[in-house]
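Enquirer: Below is the structure, and that's it, no one-letter string:
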């Protein structure tokens, strides 16, 4: 009876609950993992040709994609799967290394199931993105030039001296403290 259960019934139950997308995603991930080194080499070889194209696509993409490329996570890929798919399709149009196979797999099973290859492609894309100019400007504004910093420090010292002088005057002008009254 146990043999019959294991050989006939259990396989049918597994087929009912088995997700075909997971199996297809697993195969796609394995095939991509085998080609990772090749894609890395292609990225290095085509860097000068791809950089302006990738930058243009990146600039035209949504803020979610920009954030995802800066800090790639599985949760973000699942959350923004439609935007991820669109970005992968754009990369596939310019023949970005690895993007075509990832885009095809994501189209078949969804970007969330092939998040490993998607994150790999996004990491490669991030190497083509120049440092944001806005952040550099903010850093320059945040740190005042040395001359201004010294003048600010001098102003603070002058104010501290003025406050100390005012406190000393109040202490000198104040009447002496009365002795504590006796306790009954």
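Expert: Noted; the coordinates are in hand. All values derive from a computational prediction rather than experimental measurement.
Enquirer: Could you pull up phi and psi at residue 73?
Expert: phi -140, psi 150 (degrees, to the nearest 10).
Enquirer: what about it, how many residues close to it?
Expert: Residues lying near residue 73 (other Cβ atoms under 10 Å) number 13. (C-beta placed from N, C-alpha, C; glycine too.)
Enquirer: how near is it to residue 118?
Expert: 11 Å (Cβ to Cβ, to the nearest Å).
Enquirer: Next: residue 83.
Expert: 12 Å.
Enquirer: Have a look at the two and say which one is more surrounded.
Expert: More neighbours surround residue 118 than the other of residue 83 and residue 118, with 28 against 18 (other Cβ under 10 Å).
Enquirer: Hmm, the more buried one is touching residue 85, no?
Expert: No: here residue 118 lies out of contact with residue 85, judged by Cβ atoms under 8 Å, at a distance of 9.3 Å.
Enquirer: joint contacts of these two?
Expert: 106, 111 (Cβ atoms under 8 Å, 6 or more residues apart in numbering).
Enquirer: Quick one: mean pLDDT over the one helix or strand residue 29 maps to.
Expert: Taking DSSP states H and E as the definition, one finds residue 29 inside helix 20-45. Taken as a whole, helix 20-45 has a mean pLDDT of 85.
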